[in-house]
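Enquirer: Below are the sequence and a predicted model for it; my questions follow.
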Amino acid sequence: MTEPVLVTIAAALATRSSAGLYALVRARFADDPTATAALVAAEGAAPGSPQVAALAEVLRRAEAEDPAFAARLRREHERGRVTNRVTGRVTGLVVQAEEITGDITLK
């Protein structure tokens, strides 16, 4: 059975919510067409989808084969987790971003 944290990581990869996490996994899968196909297939998929479940299983196997990758994957996942709190009355827009390069216009 795949660990729930790997399903969470796979869902984050599907939405590309963490650029660092995605880059790490993409680099690890670079020489593995099957793993890369699972990553690509999961893009935009819902968290409970078969594509995300398949990606989580690929991540499980990659972790089993490479303990150093497993450690980096979990560190990057923890680093990329963000908890936002917006308190009080909000009447405008709220933006969350890790890094913005260039201009941003809100309307």
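Expert: That came in fine, so what should we check first? Owing to the predicted nature of the structure, the values given are computational and were not obtained by experimental measurement. Residues are numbered from 1 along each chain as shown.

Enquirer: what is the mean pLDDT for the lengthiest helix in the chain?
Expert: Of all the elements of type helix in the chain, the one with the most residues (DSSP state H) is helix 50-65. What helix 50-65 shows for mean pLDDT is 98.

Enquirer: same for that helix, what does it pack against?
Expert: On a contact count with 3 or more C-beta pairs under 8 Å, 6 or more residues apart in numbering; DSSP states H and E, helix 50-65 meets helix 4-15, helix 33-42, helix 67-80. Using the backbone N, CA and C atoms, a C-beta is placed for each residue, glycine as well.

Enquirer: who touches that helix?
Expert: 2-3, 6-7, 9-11, 13-14, 25, 28-29, 34-35, 38-39, 41-42, 45-46, 69-70, 73 (C-beta atoms under 8 Å, 6 or more residues apart in numbering).

Enquirer: Name only those of those that count as buried.
Expert: Among the contacts of helix 50-65, those classed as buried by 16 or more other C-beta atoms under 10 Å are 2, 6-7, 9-11, 13-14, 25, 28-29, 35, 38-39, 41-42, 45, 69-70, 73.

Enquirer: Specify the local secondary structure of residue 100.
Expert: Taking DSSP: H, G, I helix; E, B strand; the rest coil as the rule, one finds residue 100 in the coil state.

Enquirer: Use 30 as the first number for this chain going forward.
Expert: Got it, the first residue is 30 from now on, which makes the last one we talked about residue 129.

Enquirer: what's the spacing between it and residue 135?
Expert: 12 Å (C-beta to C-beta, to the nearest Å).

Enquirer: swap in residue 92?
Expert: 40 Å.
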